[in-house]
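Asker: Got a predicted structure here, sequence first:
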Amino acid sequence: MANISKRLQKEKIAKLLMQLSGILITGSLFLILGTILYKGLPHMTWEMISQTPKGGFYLGKSGGVLNAIIGSLYLAGLSTILATLIGIPIAIYLHVYVRQGTAISRFSKLLFDVLFGIPSIVYGAIAFSIMVFFGIRASLLGGVITITLLTIPIVVRTLDELLRTIPQDLKHVTASLGATRWESAKVMLKYIRPGLFTALLLAFGRAIGDVAGVMLTTGYSDNIPKYLDEPTATLPLAIFFQLSSPIPEVQGRAYASALILTFLILIIVLCTHFLSSKQKKHQT
Amino acid sequence: MYSFPILQAEETPNIISLKQPHIQIKDLHVVVEGQEILKNINLSIPNNSVTSIIGPSGCGKTTLLKTLNRLLDDSKDVEISGSVLVNGEDIYAKNAEVTHIRKKMGLLSQKPFTLPMSIFENIAYGPKIHGEKDKGKLKAIVEQQLRNVGLWEEVKDRLDSSATRLSIGQQQRLCLARGLAVEPEIILGDESTSALDPISTQIIENLLMDLKQRYTIVLVTHILRQARRVSDYILFLYQGEVIEFGKTEELLLHPKHEITKQYVKGFIS
Ligand SMILES: Nc1ncnc2c1ncn2[C@@H]1O[C@H](COP(=O)(O)OP(=O)(O)OP(=O)(O)O)[C@@H](O)[C@H]1O
Ligand SMILES: [Mg+2]
């Protein structure tokens, strides 16, 4: 009892530290947003988002980055869908069918942790060498394959965490009603559905922002891709190319492109929040 | 095939159950993480009656209940030996079909756990997975089961709202109705009223006493007065062993063993 003032002091210090980190992170977020707004907004024209690069675009002439916008959306959208379609069954299998705590279960969890941590340039390099072997050129398909591989571990890891939050009771209830494991799994998916969108968001965010993975495998093109086997531009690469230019006008457009990318992500985040809040009605 | 449950007492008792007990446990041992939790259990649970399992905390009551339903199957580090006969069939036999066995037993756990669905879907879930597709029949089942547990009047106007919105007592009754909807033969309850207020507790107790006409009921309870109120038989479990089994009054008033006597008097808990 005597040291109550000491305890309160500790509490104060802890709280102060939390607030400081909060301010720090919000501050840097605003710094980033401020920079791209300040540098990008003057170059943000309707042309930027409605046109593909015309001749001399990279020298400051007319055109826009529609090719990269569409390319990025295709790439990230397709990869996220594929990663989800492959990731959900894996996560469910590891969680429902493989006995917890067995060697297989522990090994596969370790495996996905490692895959989760591998930088995307490694995925890019591996996919690239496979593509060379099969004679596939840098294309949307190559990119989708690479980014799907990159995002599967994200989906699996996130789902695994979600599935772990499911009370044992759910399994017991469905089991005692005579449900098979697959029928149980369907209820489990229903239970974690609000969180499912977070998993998709994380995958999509990683997919749309990736540079290293797409550099070798997706290539770059000034045209909007019509087929999977065409080289495809992506926004991060568009930013990279324009930023490397010595021409101020082009550099400014790099920031405008960054603004577009940020805006796309914002839209996706808002959609996810909206969708996941609609799913919450059966959660306690 | 799923058949529409018509719960009339005269129709349910089958010939087998008249001859032999619904549940017979033989030489059951359960070892969890190298520790013997249940030791050599031999027991016949009488049909169409309520049997309460009592005993100090950690003596293995929940474990015993779960072995009856094969719910320990997926747990880590669990070894089960011996046999549990349900209608003469060993549920631990190699070729035993788990989902079918579990369907025969309704489980009512300590805390109600509603499935992430509407009130209607919670009850319709069981019949649905067992193949009932007819909307009209499902509706009839839901209504009947909700009436069975006295919940119909309270929820009939909001069958489509989430089951989590119900009060805990209502949820527990919903869980009972959900279990009954798959037409089990046996009801297992694990401290099913411990999270409930006195009135909800009384509703559940009365329900169980009604239901014993048609079901064999096994309850775990910590409340001796409850065991006395609802059960016909009592099983006293101590450190994983069956110490005593007998008629409620007999066991509570004239326990044969010293440990039982001490437990019943409240010296050990
Ligand atoms: N999954 C598990 N892992 C390890 N030990 C376990 C596990 N489940 C149960 N036990 C142990 O088995 C013993 C019996 O547990 P059980 O839950 O059956 O007791 P109980 O009689 O239901 O107790 P209570 O009245 O407190 O609910 C306890 O010693 C417990 O620690
Ligand atoms: Mg218990």
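Answerer: Structure received. Ligands and ions are numbered 1, 2, ... in the order given.

Asker: Residue 81: neighbour count?
Answerer: All of this refers to chain A. When neighbours are defined as other Cβ atoms under 10 Å in any protein chain shown, A:I81 has 15 of them. In this view, the C-beta of every residue, glycine as well, is placed from N, C-alpha and C.

Asker: meant chain B actually
Answerer: Neighbours of B:S81 (other Cβ under 10 Å): 11.

Asker: Looks to me like it is in a strand.
Answerer: Yes: membership of B:S81 in a strand is supported by DSSP: H, G, I helix; E, B strand; the rest coil.

Asker: quick one: pLDDT of it?
Answerer: B:S81 is assigned a predicted lDDT (pLDDT) of 92.

Asker: A:P42 too?
Answerer: 93.

Asker: quick one: it and A:Q251 touch, right?
Answerer: No: between A:P42 and A:Q251 there is no contact under Cβ atoms under 8 Å: 11.5 Å.

Asker: more neighbours, those two?
Answerer: More crowded of A:P42 and A:Q251, by other Cβ under 10 Å: A:Q251, with 17 against 11.

Asker: how much space is there between that one and chain B?
Answerer: 51 Å (Cβ to the nearest Cβ, to the nearest Å).

Asker: That residue: which element?
Answerer: According to DSSP states H and E, A:Q251 maps onto helix A:248-278.

Asker: tell me which residues in that helix are buried?
Answerer: A:250-262, A:264-265, A:268, A:272, A:276 (16 or more other Cβ atoms under 10 Å in any protein chain shown).

Asker: Then stretch A:221-231?
Answerer: Across stretch A:221-231, burial judged by 16+ other Cβ under 10 Å covers A:221-222, A:224-225, A:230-231.

Asker: related to what we said a few turns ago, name the residues contacting each of A:P42 and A:Q251.
Answerer: By Cβ atoms under 8 Å, 6 or more residues apart in numbering or on different chains, A:P42 and A:Q251 have no common neighbours.

Asker: Could you see whether chain B lies near the one helix or strand A:L189 maps to?
Answerer: Assigned by DSSP H and E, A:L189 belongs to helix A:181-191. Yes: Helix A:181-191 comes into contact with chain B (Cβ under 8 Å from any Cβ of the partner chain), by way of A:183, A:187, A:190-191.

Asker: average model confidence for that helix?
Answerer: 93.

Asker: contacting residues for the residue of chain A found nearest ligand 1?
Answerer: Nearest residue of chain A to ligand 1, counting by Cβ to the nearest ligand atom: A:Q168, 9.7 Å away. Contacts for A:Q168 (Cβ under 8 Å, 6+ apart) come out as none.

Asker: give me the element the residue nearest the centre of chain B is part of.
Answerer: Centroid-nearest residue in chain B: B:L188, 0.8 Å away (criterion: Cα atoms, centre = their mean). The secondary structure element spanning B:L188 is strand B:186-190 (assigned by DSSP H and E).

Asker: May I have the strands that pair with that strand, each with its orientation?
Answerer: Each strand paired with strand B:186-190, and its direction, by DSSP bridges: strand B:105-108 (parallel), strand B:216-220 (parallel).

Asker: Contacts for the first one next, please.
Answerer: Put plainly, it is strand B:105-108. Residues contacting strand B:105-108 (Cβ under 8 Å, 6+ apart): A:172-173, A:176, B:65, B:68-69, B:71, B:86, B:172, B:175-176, B:179-180, B:182, B:184-190, B:192, B:215.

Asker: make it 7 Å
Answerer: Outside strand B:105-108, the residues that touch it by Cβ atoms under 7 Å, 6 or more residues apart in numbering or on different chains are A:172, A:176, B:68-69, B:175-176, B:179-180, B:184, B:186-189, B:192.

Asker: Assign the residue in chain A positioned nearest to chain B to helix, strand or coil.
Answerer: The minimum distance from chain A to chain B, using Cβ to the nearest Cβ, falls at A:G178 (3.1 Å). Assigned with three-state DSSP, A:G178 falls in the coil class.

Asker: Next, it: phi, psi?
Answerer: phi 90, psi 20 (degrees, to the nearest 10).

Asker: Could you do B:K39 as well?
Answerer: Geometry field for B:K39 lists phi and psi as phi -120, psi 110, criterion degrees, to the nearest 10.

Asker: picking that back up, centre of the chain versus the strand holding B:L188, how much separation?
Answerer: Centroid displacement of strand B:186-190 relative to its chain, using Cα atoms, centre = their mean, to the nearest Å, is 0 Å.

Asker: can you check stretch B:140-150 too?
Answerer: The chain centre lies 19 Å from the centre of stretch B:140-150; the measure is Cα atoms, centre = their mean.

Asker: Alpha carbons of it, as CSV, please.
Answerer: The C-alpha atoms that make up stretch B:140-150 are tabulated as CSV, following Å, rounded to 0.1, in the frame of the first residue of the first chain:
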residue,chain,number,x,y,z
ALA,B,140,-42.0,-26.9,-37.9
ILE,B,141,-38.9,-28.4,-36.2
VAL,B,142,-37.7,-24.9,-35.1
GLU,B,143,-41.1,-24.0,-33.7
GLN,B,144,-41.6,-27.3,-31.9
GLN,B,145,-38.1,-27.3,-30.3
LEU,B,146,-38.5,-23.7,-29.2
ARG,B,147,-41.8,-24.5,-27.7
ASN,B,148,-40.2,-27.5,-26.0
VAL,B,149,-37.8,-25.3,-24.1
GLY,B,150,-40.4,-22.6,-23.5
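
Asker: got a list of contacts for that stretch?
Answerer: B:5, B:120, B:123-124, B:127, B:152, B:155, B:173, B:176-177, B:180-181, B:203, B:207.

Asker: re earlier: generate a ChimeraX selection restricted to the buried entries among the contacts of strand B:105-108.
Answerer: The buried residues among the contacts of strand B:105-108 can be selected in ChimeraX (16+ other Cβ under 10 Å) with this line:
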select /A:172,176 /B:68,69,175,176,179,180,184,186,187,188,189,192
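
Asker: tally of neighbours for residue 107?
Answerer: This is for chain A. Using other Cβ under 10 Å, A:F107 has 11 neighbouring residues.

Asker: that answer is for a different chain, and I need it for chain B
Answerer: Burial of B:L107 is recorded as 26 neighbouring residues (other Cβ under 10 Å).

Asker: Could you do A:A68 as well?
Answerer: Counted with other Cβ under 10 Å, the neighbours of A:A68 add up to 28.

Asker: ok, and for the host helix or strand of it, which residues are buried?
Answerer: Element membership for A:A68 (DSSP H and E) is helix A:66-92. Judged by neighbour count using 16+ other Cβ under 10 Å, the buried positions of helix A:66-92 are A:66-76, A:78-80, A:82-84, A:86-88, A:90-92.
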